[in-house]
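*Asks:* Let me see the structure of the following:
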Amino acid sequence: MSKTLKWIIFSLVIVIIILVLMKKNGMMGKDDGTKVSTEKVTSRTIIETVNASGKVYPVVEVKVSPDISGEIVDLTVAEGDSVRKGQVLARIYADIYATQRDQAAAQVSQQQAQVANASASIGSMKAQLDQAKKTYTMQKELFDEKVISQNEFNTADAALRSAQANYNAAQQGIRGGQAGVQGARAGLEKANKDISRATVESPMDGVVSLLNVKKGERVVGNSMMAGTEMMRIADLNKIEVRVDVGENDIPKVILGDSATIEIDAYNGRKFKGIVTQIASSNNGAAAQASVGTSTDVTNYKVYIRVLPESYMDLLDPKNPKSFPFRPGMSASADIQTKTHDNRLAVPINAVTTRDKNDSTGNTNGSTANKSNTNASGNVITTSNVDDMEEVVFVVQNTGTVKKVKVRTDIQDINYIEILGGLKEGDEVVTGPFDVVSKTLKDGMKVKVVPKSELFDKKK
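*Replies:* Numbering: from 1, shown residues only. From the prediction side, this is the model:
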């Protein structure tokens, strides 16, 4: 055997060995298809939720401002103290109001004295008027009988008119004096009220949640303008979480919706709540109206009452003044907006958006500039949103997939409800993500493997 023939035979053996190894490792031969993970369509309960974050606040919190201006001469509470309605919180320097009260009291006395003097003098004026009337009557008779002269009659007439005028003036003086007394009494009452306002009292039972002043500081009263906010009194027995919900989610939320609340201070603990109020205007509406600007994010405030039974174990019976929550704590809430029981559902990752006219749905390189978002949150570029449809890929007995158009409804974190297109028991492709969203097409061959083997290299 020639040397050349030996090399040819040796080379053929090497090639055969390499081909056998390649076939054994799957590098040659039968195509098993694209590796995918699947899940069967089943019935389950789908709870649609809206997630939002915010802060903890008392349901009732009252700002306390003084009615009068002055220096704080006494401050009887500290932040965190429990107070009762009517309890004295602070006192403001009131000497100037005491002086005004004394002046008003003196004015009342002066007006009363003037009324008394006028009342005393009106008696004599009444007697003078009666006498003038008698004299006038007598002189009139004598004048008619031509016993007295015209001048004598005119004198009697003038005396009567003068007496009547003096009497009327005295009556008017009494009425004016009485009005003066009423005005002076009103001034005295105001002065007394100002003195009473120097004492700042609690408007409700609660806790001093915020204290902004110290003894010796001057404060501005709110009689003519917005006064100094001295402190806030809150009822910490009733707590709510105020969260910001985006404009896309706010139509889903209604009064009475249940919510699961997490507060950062109690990591891992979940509290129950109820939606009690939904804002009608967005958070930035007032600011935009005042400064003429707009913001890109539009949120609406939603108020969620924290149910006491969900945190009863955090209360200390031995210390009734101790409260588990403090205003301003960070919190998040999952608001349960809809619940559908016993509905067909598939994993969210199984649903993708495809062009009706494209079996692969791959629109890469499209010249269009509009976009659409599928159930998985994928942004799909398309020439026309109306040309898009939601689909899943169902594994067939032949080892291939079939693209099926579906109608969807609400979704939770993991699953989305199927209204039409599938039946219970259908096996749908759930991953990998890129394969579902871009690669798969109708009739494509696949190999179903566990999720743990999706990205294993071929051996």
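
*Asks:* so who does residue 208 touch?
*Replies:* If you count contacts by C-beta atoms under 8 Å, 6 or more residues apart in numbering, residue 208 has them with 77, 78, 79, 80, 81, 83, 89, 231, 232, 233. No exception for glycine: its C-beta is placed from N, CA and C like everyone else's.

*Asks:* tell me which residues of the helix or strand hosting it are tucked away?
*Replies:* Assigned by DSSP states H and E, residue 208 belongs to strand 206-211. Within strand 206-211, the residues scored as buried using 16 or more other C-beta atoms under 10 Å are 206, 207, 208, 209, 210, 211.

*Asks:* measure the second one to residue 233 for me?
*Replies:* Summarising the geometry, the distance separating residue 207 from residue 233, computed by C-beta to C-beta, to the nearest Å, is 7 Å.

*Asks:* Now do the residue nearest to the spatial centre of the chain against residue 182, distance only.
*Replies:* Central residue of the chain (C-alpha atoms, centre = their mean): residue 301, 3.6 Å from the mean position. Residue 301 is 50 Å from residue 182, where distance means C-beta to C-beta.

*Asks:* looking at the chain, which residue lies furthest from center?
*Replies:* Largest centroid distance in the chain under C-alpha atoms, centre = their mean is residue 147 at 98.1 Å.

*Asks:* quick one, phi psi at that one?
*Replies:* Phi and psi for residue 147, reported as degrees, to the nearest 10, are phi -90, psi -30.

*Asks:* and it, what pLDDT?
*Replies:* pLDDT for residue 147: 75.

*Asks:* One more: residue 391?
*Replies:* In the prediction, the pLDDT value recorded for residue 391 is 96.

*Asks:* quick one: what helix or strand has it in it?
*Replies:* Assigned by DSSP H and E, residue 391 belongs to strand 388-395.

*Asks:* Equivalent analysis for residue 132, please.
*Replies:* Using DSSP H and E, residue 132 falls in helix 95-144.

*Asks:* Ok, residue 282 next?
*Replies:* Per DSSP H and E: residue 282 is located in neither a helix nor a strand.

*Asks:* residues contacting it?
*Replies:* Contact analysis of residue 282 by C-beta under 8 Å, 6+ apart lists 247, 298, 299, 300.

*Asks:* ok so, going back, pull up the overlap in contacts between residue 207 and residue 233.
*Replies:* residue 83.

*Asks:* Show me how the record splits this protein into domains.
*Replies:* The chain breaks down into these structural domains: 66-93+198-229, 95-197 (assignment by the TED database).

*Asks:* CSV please, covering the ones you listed and showing distance to residue 36.
*Replies:* Formatted as CSV, the domains of the chain follow (distance: least, C-beta to C-beta, whole Å):
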stretch, distance to residue 36
domain 66-93+198-229, 57
domain 95-197, 78
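
*Asks:* Between the ones you listed, which one is closest to residue 345.
*Replies:* Between residue 345 and the domains of the chain, the shortest separation by C-beta to C-beta is 45.3 Å, and it involves domain 66-93+198-229.

*Asks:* end-to-end on the closest one?
*Replies:* End-to-end distance for domain 66-93+198-229, by C-alpha to C-alpha, to the nearest Å: 8 Å.

*Asks:* what does stretch 47-55 rub up against?
*Replies:* If you take C-beta under 8 Å, 6+ apart as the criterion, stretch 47-55 is touched by 241-246, 249, 252-253, 302, 327-340, 410-413.

*Asks:* Now list the buried members of the residues you listed.
*Replies:* Among these, those classed as buried by 16+ other C-beta under 10 Å are 241-245, 249, 253, 302, 327, 329, 331, 333-338, 410-412.

*Asks:* Would you mind listing the residues in contact with residue 265?
*Replies:* Applying C-beta under 8 Å, 6+ apart, the residues contacting residue 265 are 325, 326, 329, 330.

*Asks:* Can you tell me which of the buried residues of strand 206-211 comes closest to residue 429?
*Replies:* residue 209 (55.1 Å).

*Asks:* Can you mark which positions in whichever strand or helix holds residue 57 are buried?
*Replies:* Using DSSP H and E, residue 57 sits within strand 42-58. By 16+ other C-beta under 10 Å, the buried positions in strand 42-58 come out as 44, 46, 47, 48, 49, 50, 52, 54, 56, 57, 58.

*Asks:* ok, now stretch 267-276?
*Replies:* Quick answer for stretch 267-276 (16+ other C-beta under 10 Å): 271, 272, 273, 274, 275.

*Asks:* out of the residues you listed, which are inside helices?
*Replies:* Nothing among these maps onto helices, per DSSP state H.

*Asks:* which of those lies closest to residue 455?
*Replies:* Closest approach between these and residue 455, by C-beta to C-beta: residue 271, at 39.9 Å.

*Asks:* Look up how far residue 264 lies from that closest one.
*Replies:* On the measure of C-beta to C-beta, residue 271 and residue 264 end up 12 Å apart.

*Asks:* where does the strand or helix carrying residue 182 sit relative to the chain's centre, distance-wise?
*Replies:* Using DSSP H and E, the element containing residue 182 is helix 150-197. With C-alpha atoms, centre = their mean, to the nearest Å as the basis, helix 150-197 stands 60 Å off its chain's centre.

*Asks:* Listing partners with orientation, what would you give for the next helix or strand after that helix?
*Replies:* Going down the chain from helix 150-197, the next helix or strand is strand 199-201, by DSSP H and E. Neighbouring strands of strand 199-201 in its sheet, by DSSP bridges, are strand 88-92 (antiparallel).

*Asks:* coming back round to it: give the bridge partners for the residue nearest to the centre of the chain, please.
*Replies:* Beta-bridge partners for residue 301, by DSSP bridges, are residue 244.

*Asks:* how many neighbours does residue 240 have?
*Replies:* By the measure other C-beta atoms under 10 Å, the count of residues near residue 240 is 25.

*Asks:* for the stretch 351-459 of the chain, what spans make up the strands?
*Replies:* Ranges of strands within the stretch 351-459 of the chain are 352-355, 370-373, 379-382, 388-395, 401-405, 407-411, 415-420, 427-431, 446-448, based on DSSP state E, counting those that start in this stretch.

*Asks:* Which among these is found nearest to residue 161?
*Replies:* With C-beta to C-beta, the closest approach to residue 161 among those belongs to strand 407-411: 97.3 Å.

*Asks:* Residues contacting the closest one, please?
*Replies:* Identification of contacts with strand 407-411 by C-beta under 8 Å, 6+ apart yields 46, 48, 338, 340, 343, 348, 351, 375, 390, 416-421.

*Asks:* cool, and stretch 194-204?
*Replies:* With C-beta under 8 Å, 6+ apart as the test, stretch 194-204 has contacts from 60, 62, 64, 66-68, 70, 83-94, 97-98, 100-101, 221, 230, 233, 235.

*Asks:* Go again with 6 Å.
*Replies:* Applying C-beta atoms under 6 Å, 6 or more residues apart in numbering, the external contacts of stretch 194-204 come out as 62, 66-68, 83, 85-92, 94, 97, 233.
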